[in-house]
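Asks: how would this look folded up:
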Amino acid sequence: MLEAVAQHQPVTVGELTKLFGLPKSTVQRTLVTLAQAGWLRANRKDTTRWEIGARVLAVRPAALQGSS
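Replies: Down below sits the predicted model:
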């Protein structure tokens with residue numbers, strides 16, 4: 001789900017529901033769980049859309065440093 005949000009951000013629950021073929025409630029719960037952990041966040045201008053959160057942005061540089 002993180003990759004899908006990253007590729008299509010900002011993305012709606014409906015868009016992800018169609019993409020994954022999952023019930024809307026399942027997608028919504030997953031997004032909220034990921035947001036509570038800092039992986040995703042609601043878009044500042046349109047809170048019905050989701051985007052990558054600060055935690056992903058913080059992990060990426062560390063992962064790149066570890067891959068050298």
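
Asks: going forward, measure contacts and count neighbours with C-alpha atoms only.
Replies: Fine.

Asks: Isn't residue 11 up against residue 50?
Replies: Yes - checked against CA atoms under 8 Å, the pair residue 11 and residue 50 is within contact range at 5.2 Å.

Asks: Distance-wise, check the closest residue in space to residue 42 that isn't next to it in sequence relative to residue 36.
Replies: Nearest non-adjacent residue to residue 42, counting by CA to CA, 6 or more residues apart in numbering: residue 50, 4.6 Å away. Counting by CA to CA, to the nearest Å, the gap from residue 50 to residue 36 is 13 Å.

Asks: Which one of the two is surrounded by more residues?
Replies: Using other CA atoms under 10 Å, the more surrounded residue of residue 50 and residue 36 is residue 50, with 24 against 11.

Asks: ok, so what distance separates that one from residue 15?
Replies: Residue 50 is 10 Å from residue 15, where distance means CA to CA.

Asks: ok so, going back, if I look at the residue nearest to residue 42, how far off is residue 13?
Replies: Look at residue 50 and residue 13: by CA to CA, they are 8 Å apart.

Asks: what's the answer for residue 27, then?
Replies: To residue 13, residue 27 is 6 Å away according to CA to CA.

Asks: Repeat that for residue 6.
Replies: 14 Å.

Asks: Point out the other helices and strands that the strand or helix carrying residue 51 packs with.
Replies: Assessed by DSSP states H and E, residue 51 sits inside strand 49-52. Strand 49-52 makes packing contacts with helix 2-8, strand 11-12, strand 40-42 when contacts are defined by 3 or more CA pairs under 8 Å, 6 or more residues apart in numbering; DSSP states H and E.

Asks: can you tell which of the ones you listed is closest to residue 23?
Replies: For residue 23, the closest of these is strand 11-12, at 13.4 Å, according to CA to CA.

Asks: Could you point out the helix or strand that follows that closest one?
Replies: Proceeding N to C from strand 11-12, the next assigned helix or strand is helix 13-20, under DSSP H and E.

Asks: before we move on, the earlier item: which stretch among the helices and strands packed on strand 49-52 comes nearest residue 58?
Replies: Here strand 40-42 is closest among these (CA to CA), at 12.3 Å.

Asks: Provide a list of residues in contact with residue 53.
Replies: Listed by CA atoms under 8 Å, 6 or more residues apart in numbering, the contact set of residue 53 reads 35, 38-41.
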